[in-house]
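> okay, structure incoming, though there's no sequence with it:
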């Protein structure tokens, strides 16, 4: 992958070396190493309490590490307060100042830098135009919808030209339609500006669709980092396999029985094919007869949970059209190619 | 298939049940039933009697017979502007303003600490410490202060021991704020008022500061504002409604009080004392009512000014 070469050459936008942050007995961040490249859209993905937000707050300067080093463009930033760092944050709750107008909210960063009224109003108008909120300057944040507030927060963070933009679950409070729209816009904005975006989310779909690279967090550590395809196709642990999409996790013996190397492996539900009665097995595939435990309809696909005679429970996602006469209590034939199984480093 | 719930025995059909059904269907009726008693109390017993009393200010008193002349006139209200009466107003408003300012200056750091830094235990101790003085008798506290402030009292003694005796003497020698001793001076009066009303300033300020989300403070820092700048541009404007609420308490409580000035003060009257003597000994209800209008007008002016400066923008 190119990423490795780039990491070695360029000065990373953000670098963590053995960073830890503990709150009493809770190890929120427990020895994290990572490099975020300039111009990269980097997603930190994990369940709540996995340490991803704390990592973001460590970059912003709201938290100080208990151990390790943090560099922003090669400069050590431990001990540096947030207002001396060239990074800006879009907060989960947007954190717009309720006593200021939208225009003054956006211009706040310029105001504290001593920029004059006329100039900062002009720049605020431009920043609002960039996020498609032209003419909203005199409104109050309370008069805006959730999506509009999100855009104001974005304009406010970008107006001071940060070197890295931090986004803390910025789409979490939006409804699905708006969220998908904002995903595209954020991605477009990031491309145009060429900035590093560090994006914290617990939504794996969001991370996969937007990021150049994804770091999967669990219990204060990064368990896997890589491009979305790599993280999805080759999960290193059971946790990644289960958290990023869904997966069947097989023990070494179960994997071997399906013709794969004797290693703990993951198997994506969509890699399991449904065989019609009487069809012969495709080359390199193992055919499994299984009793259907459950069927659930999910729009484009139907998820079939079935148990083989060897007591292996598999979940398959098959196109809804193929799954005509599938019913709970019936039987199915699955075909699994051995190369669809992905060996994992650990079953944990 | 019939859901099992339909098989459950039907609830008992009683009068109470029919009544609650009615109140659920017509919730306006419920609101009416809940609101009538307090509205009667507030509207008639409280505001009604207040307006009846204030209405007296358009009557006047016959100077010879001492009876009330029930003919509308502005003469009584005009009497407020006689130098002796106007002095009382100025004096009272100045004392109330000084008390309010002092309460805000002393109270803000305490409220700020409790809202932003105190842990749960420290916060409980804070509430207790702020509320406790309110549990003991008002008169006992004032007489306690009288002893503390007296010439031979603890404050004078401590000042003497610290070598601050001359400073205290110099302060007492000042016109207006001084006097024969702290216990007979405006300084003493302001100190006692500040002590008495401080909780009423701290609690609303604390509530306002607690409501400032941490993320707003972080956002200000994130955008480049130093802590001092964040305080001035974010925390203070958002806490201002609380400060104003506290000021309403300390200001109006001081404007109306007549006991502290009687025990601690000088022989010069304040508004509360004027109202007290006018409607008691002198029997001059109209002028007493006219005096009572003043705090209301002053508070209205105060709130208008506060609104103008944007104190309520964050509400």
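Thanks, I have it. Since this is a predicted model, take the numbers as computed values, not measurements.

> use CA for all of it now, contacts and neighbours both
Noted.

> quick check: closest non-adjacent residue to the residue of the stretch 151-300 of chain A found nearest chain B.
Distances between the stretch 151-300 of chain A and chain B by CA to the nearest CA are smallest at residue A:157, namely 7.0 Å. Using CA to CA, 6 or more residues apart in numbering or on different chains and skipping residues adjacent in sequence, the residue nearest residue A:157 is residue A:88, 5.5 Å away.

> tell me how far the one you found lies from residue A:155.
Distance, residue A:88 to residue A:155, by CA to CA, to the nearest Å: 11 Å.

> if we can go back for a sec, give the contact list for the residue nearest to residue A:157.
A:60, A:157, A:158, A:162, A:164, A:165, A:166, B:222, B:223 (CA atoms under 8 Å, 6 or more residues apart in numbering or on different chains).

> by neighbour count, which of the residues you listed wins?
With neighbours defined as other CA atoms under 10 Å in any protein chain shown, the most crowded of the contacts of residue A:88 is residue B:223; it has 31 neighbours.

> where's that residue relative to residue A:170, distance?
Residue B:223 is 17 Å from residue A:170, by CA to CA.

> please apply the same query to residue A:234.
In this view, residue A:234 and residue A:170 are 28 Å apart by CA to CA.

> those two - which one has more neighbours?
A count of neighbours by other CA under 10 Å puts residue A:170 above the other of residue A:234 and residue A:170, at 25 against 20.

> residue A:161 versus that one, what's the distance?
If you go by CA to CA, the gap between residue A:170 and residue A:161 works out to 19 Å.

> and for residue B:217?
The gap separating residue B:217 from residue A:161 is 20 Å, by CA to CA.

> could you check which of these two has the larger neighbour count?
Applying other CA under 10 Å to residue B:217 and residue A:161 shows that residue B:217 carries more neighbours, namely 19 against 15.

> contact partners for residue A:247?
A:241, A:266, A:267, A:268, A:269, A:315.

> pull out the buried members of the residues you listed.
Among these, those buried by neighbour count (16 or more other CA atoms under 10 Å in any protein chain shown) are A:241, A:266, A:267, A:268, A:269, A:315.

> could I get the buried residue list for stretch A:176-196?
Those would be A:179, A:182, A:183, A:186, A:190, A:195, A:196, for stretch A:176-196 by 16+ other CA under 10 Å.

> tell me the backbone dihedrals of residue B:61, please.
phi -110, psi 140 (degrees, to the nearest 10).

> contact residues of chain A facing chain B?
Residues of chain A lying close to chain B by CA under 8 Å from any CA of the partner chain are A:60, A:62, A:82-85, A:87-89, A:91, A:93, A:95-99, A:108-109, A:112-113, A:157, A:160.

> just the buried residues of those residues.
A:60, A:62, A:82-85, A:87-89, A:91, A:93, A:95-99, A:108-109, A:112, A:157, A:160.

> residues contacting residue 218?
Picking chain A for this. Remark: with contacts taken as CA under 8 Å, 6+ apart, residue A:218 is in contact with A:46, A:47, A:50, A:51, A:239.

> switch to chain B, that's the one I care about
By CA under 8 Å, 6+ apart, the residues touching residue B:218 are residue A:62.

> repeat that with 10 Å
Shown in contact with residue B:218 (CA atoms under 10 Å, 6 or more residues apart in numbering or on different chains): A:60, A:61, A:62, A:82, A:83, A:89, A:91, A:95, B:224, B:225, B:227, B:230.

> same thing with residue A:280?
A:287, A:335.

> same check, this time on residue A:128
By CA under 10 Å, 6+ apart, the contact list for residue A:128 reads A:102-103, A:106, A:122, A:134-137, A:151-152, A:154-156, A:159.

> may I ask which helix or strand encompasses it?
helix A:117-130 (DSSP states H and E).

> pull out the buried positions in that helix.
Counting neighbours by 16+ other CA under 10 Å, helix A:117-130 gives A:120, A:121, A:123, A:124, A:125, A:126, A:127, A:128 as buried.

> how about stretch B:62-81?
Neighbour-count burial for stretch B:62-81 flags B:68, B:76, B:77, B:80 (criterion: 16+ other CA under 10 Å).

> which residues of the stretch 101-250 of chain B lie near chain A?
Contact residues (CA under 10 Å from any CA of the partner chain) of the stretch 101-250 of chain B with chain A: B:212-227, B:229-230, B:233-234, B:237-238.

> chain B: strands as residue ranges?
B:60-61, B:68-69 (DSSP state E).

> which residues outside the first one are in contact with it?
If I follow you right, that is strand B:60-61. Here strand B:60-61 has contacts from B:66-77, B:283-287, using CA under 10 Å, 6+ apart.

> hang on, residue B:263 packs against residue B:142?
Yes: Residue B:263 is within contact range of residue B:142, at 7.5 Å (criterion: CA atoms under 10 Å).

> so for those two, which sits in the more crowded spot?
A direct count of neighbours by other CA under 10 Å for residue B:263 and residue B:142 places residue B:142 higher, at 20 against 16.

> for residue A:202, the count of nearby residues, please.
By the criterion of other CA under 10 Å, residue A:202 has 21 neighbours.

> now do stretch B:135-148: distance to the chain's middle.
19 Å (CA atoms, centre = their mean, to the nearest Å).

> what's the average pLDDT for it?
Summarised as a single mean, pLDDT over stretch B:135-148 is 92.

> any stretches of chain A with poor pLDDT?
Counting by pLDDT under 70, chain A shows low-confidence ranges at A:1-9, A:323-324, A:347-348.

> relative to chain B, which residue of it is the closest?
Closest point on chain A to chain B, by CA to the nearest CA, is residue A:83, at 4.0 Å.

> dump the residue contacts of the residue lying closest to that residue once chain neighbours are set aside.
Spatially, and ignoring its direct neighbours in sequence, residue A:83 is nearest to residue B:224 (4.0 Å; CA to CA, 6+ apart). By CA under 10 Å, 6+ apart, the contact set of residue B:224 is A:81-88, A:108-113, A:160, B:218, B:230.

> list the backbone torsions phi and psi for residue B:224.
Taking degrees, to the nearest 10 as the convention, residue B:224 sits at phi 110, psi 10.
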